[in-house]
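> dropping the sequence and predicted coords here.
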Amino acid sequence: MPGHYISASCPCGYRGHASPGARLGGGVRVMAYGTNEKGEPDLVTVSASAAKRRKLEVINDPALGRDSTAPNYSGPWPGYRCPACHANTRGLSKQGFWG
Ligand SMILES: [Zn+2]
């Protein structure tokens, strides 16, 4: 299981997704605050090296973290800053695995 599908939602209506993890032979991909193809603030998936180069704020994958209360807990993990309204109300959920 090289990575997780993560979805994000906020009461303001924002919906986003990311797929952080390690791609075989291709390095590590991370979730970060970036901009989408429309230039709007959004949750993005980029390589760790690109995130560093672009000085993006990286979000640790909560599905890998100690916040999980059970082995198969898949969220939501609350309290993430929403890229759209900037409130700390966005919740992240794990939707599954990729790879
Ligand atoms: Zn919001």
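Received, thanks.
> give me the contacts around the one helix or strand A50 maps to.
Using DSSP states H and E, the element containing A50 is helix 48-53. Helix 48-53 has contacts (C-beta atoms under 8 Å, 6 or more residues apart in numbering) with G27, V28, R29, V30, A32, L56, V58. To be clear about C-beta, it is placed using only N, CA and C from the backbone, and glycine gets the same treatment.
> give me the neighbour count for the third one.
Here the number of neighbours of R29 (other C-beta atoms under 10 Å) works out to 22.
> how much space separates it from the ion?
Computed as C-beta to the ion, to the nearest Å, the R29 to the ion distance reads 24 Å.
> in contact with that residue, which residues?
Per C-beta under 8 Å, 6+ apart, neighbours of R29: G3, S19, P20, G21, A22, R23, T45, V46, S47, A48.
> confidence score at it?
We have a pLDDT of 92 for R29.
> tell me the residues of this structure that contact the ion?
Contacts of the chain with the ion, taken as C-beta under 5 Å from the ion, map to C10, C12, Y14, C82, A84, C85.
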